[in-house]
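**Q** based on what follows, work out the 3D shape:
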Amino acid sequence: MAGALLLLKRRALTAIPVMLIVLVFTFVLMENASGDAVDAYLVSIGGGDAGLRDALRQQYGLDGSILARFWLYITSVLRLDLGWSVSFDRPVLNLILERLPNTLLLMASATTLAFLFGTALGIIAGARPRGLTDRLLSAMSLALYSMPGFWLGLVMAIVFAVQLRWLPTSGIETVASGKSGLPRMLDVTRHLVLPVASLGLIYLALFLRVMRTAMAAIWPLEFVLFAQSKGLSRSRIVIRHVARNAALPLITVLGLQSATMLGGSVVIESVFAIPGFGRLAQEAVSGRDTPLLMGIILVSAVFVILINLAVDLVLSALDPRIGNGGQVG
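**A** Okay, here's the model as predicted:
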């Protein structure tokens with residue numbers, strides 16, 4: 001418990017400069033980008049005179065100096081005010097909170113699929129390294145990992161949605177269906193099958209390879225040889241000794257891939273037209289909506305920090321030396 005609290009304190013202290021760096025880098029990057037949301041809005045309405053442009057810039061706080069705008073943004077973030085979206089004409093935080101649950105549902109489902117099946121297949125492959133099953137699963141994982149997510153999603157949509165008509169092609173649920181309770185849950189599940197499979201299969205291959213490699217490195221160790229000399233069954237050695245000790249790097253990879261999966265959801269949400277966090281980022285970029293894009297980047301950074309903190313806490317529970325800074329006792 002003390003080690004977990006110490007780890008939590010250290011991570012909280014390191015998160016402050018990380019968030020500050022993210023804020024400064026994002027603000028400077030947006031400031032040096034050509035055009036802004038006001039320019040994009042004027043183009044969308046067919047243009048406007050200089051007076052309208054100046055009035056809009058003053059309305060959205062874009063007429064001040066760089067330092068003044070940065071200070072205004074920092075103080076607003078501390079009040080949990082992420083600004084006003086010009087393209088949607090709504091508060092940025094409301095937009096993010098509206099879209100984020102769809103992305104979290106997609107990521108949680110894809111992560112669960114990838115982690116559980118990837119771990120199970122990795123244990124099967126690592127149970128007999130360099131065996132026939134290991135070679136077949138390794139070849140399959142390499143093929144899956146080499147496929148781009150958008151290509152896999154398009155192929156699955158063409159086969160299962162367009163040709164076979166088994167599953168919906170787009171969206172998170174049937175529009176204006178009026179469903180609630182269990183029928184709505186089943187409808188959402190049908191819509192998520194293809195996006196979850198497209199996003200999860202690639203990471204399934206990654207977890208499979210990591211688990212298999214970790215198990216292959218553990219087989220020659222002394223405690224495994226000792227367990228074999230005691231006459232324990234191979235299945236017991238695999239589950240209780242080899243796979244159990246190979247799980248630590250797998251959990252580490254799970255945390256490191258959270259940011260990558262969040263980025264991958266942008267592509268998958270675009271392919272399947274899911275109104276999620278990733279698609280909102282695409283709309284913010286196309287609309288040059290600087291406040292919305294900065295809010296998305298900030299929330300993404302917070303999300304990644306929290307995921308990695310959770311992974312560190314799990315690792316410290318499994319190995320107390322991590323929470324104690326690597327010291328035993």
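**Q** for this structure, give me the ranges with low pLDDT.
**A** Regions of the chain meeting the criterion pLDDT under 70 cover residues 1-4, 33-50, 59-64, 176, 318-329.
**Q** run through the helices of it in chain order.
**A** 2-32, 37-44, 50-59, 66-78, 92-127, 132-145, 149-156, 182-218, 222-229, 234-237, 244-271, 277-286, 290-318, 320-323 (DSSP state H).
**Q** dump these to TSV, plus mean neighbour count.
**A** Just so you know, the C-beta spots here come from the backbone N, C-alpha and C atoms, and that holds for glycine as well. What follows is the helices of the chain, written out as TSV (neighbours: other Cβ atoms under 10 Å):
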stretch	mean neighbour count
helix 2-32	13
helix 37-44	17
helix 50-59	13
helix 66-78	13
helix 92-127	19
helix 132-145	15
helix 149-156	17
helix 182-218	20
helix 222-229	12
helix 234-237	12
helix 244-271	19
helix 277-286	21
helix 290-318	19
helix 320-323	17
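**Q** how about CSV for the ones you listed, with distance to Pro168 added?
**A** As requested, those are arranged in CSV below (distance: least, Cβ to Cβ, whole Å):
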stretch, distance to Pro168
helix 2-32, 35
helix 37-44, 30
helix 50-59, 39
helix 66-78, 38
helix 92-127, 14
helix 132-145, 23
helix 149-156, 12
helix 182-218, 5
helix 222-229, 48
helix 234-237, 41
helix 244-271, 13
helix 277-286, 16
helix 290-318, 26
helix 320-323, 43
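**Q** ok, the closest residue to Ala197 other than its chain neighbours - contacts?
**A** Taking Cβ to Cβ, 6 or more residues apart in numbering as the measure, Ala197 lies nearest to Met156, with 6.2 Å between them; neighbours along the chain are not counted. Contact analysis of Met156 by Cβ atoms under 8 Å, 6 or more residues apart in numbering lists 194, 197-198.
**Q** Val18 too?
**A** The neighbourhood of Val18, defined by Cβ under 8 Å, 6+ apart, consists of 301, 305.
**Q** that one and Leu154, how far apart?
**A** Taking Cβ to Cβ, to the nearest Å as the criterion, Val18 is separated from Leu154 by 36 Å.
**Q** cool, and Leu8?
**A** Separation of Leu8 from Leu154 (Cβ to Cβ) stands at 42 Å.
**Q** isn't Trp84 right up against Arg90?
**A** Yes - the pair Trp84 / Arg90 is scored as a contact, 7.5 Å apart, by Cβ atoms under 8 Å.
**Q** what's the spacing between Pro291 and Leu250?
**A** From Pro291 over to Leu250 the distance is 39 Å, taken as Cβ to Cβ.
**Q** equivalent analysis for Pro148, please.
**A** 24 Å.
**Q** and for Leu8?
**A** Distance from Leu8 to Leu250, counting by Cβ to Cβ: 22 Å.
**Q** what's the answer for Arg236, then?
**A** As for Arg236, its distance to Leu250 is 20 Å (criterion: Cβ to Cβ).
**Q** which residues does Gly295 contact?
**A** Under the criterion of Cβ under 8 Å, 6+ apart, the neighbours of Gly295 are 82-83, 92-93, 95-96.
**Q** so for the protein, which residue is the most central one in space?
**A** Using Cα atoms, centre = their mean, the residue of the chain that lies closest to the mean C-alpha position is Leu262, 2.6 Å off.
**Q** without its sequence neighbours, what residue ends up closest to Ala114?
**A** Closest residue to Ala114 apart from its sequence neighbours, by Cβ to Cβ, 6+ apart: Tyr203 at 3.8 Å.
**Q** ok, now which ones touch the one you found?
**A** By Cβ under 8 Å, 6+ apart, the contact set of Tyr203 is 110-111, 114-115, 118, 257, 261.
**Q** nearest to Leu208 among these?
**A** Of all the contacts of Tyr203, Leu208 sits closest to Gly118, with 4.5 Å by Cβ to Cβ.
**Q** which residues touch the nearest residue to the closest one once chain neighbours are set aside?
**A** Leaving out its chain neighbours, the residue that sits closest to Gly118 by Cβ to Cβ, 6+ apart is Phe207, at 2.9 Å. With contacts taken as Cβ under 8 Å, 6+ apart, Phe207 has the following neighbours: 114-115, 118-119, 122, 250, 253-254.
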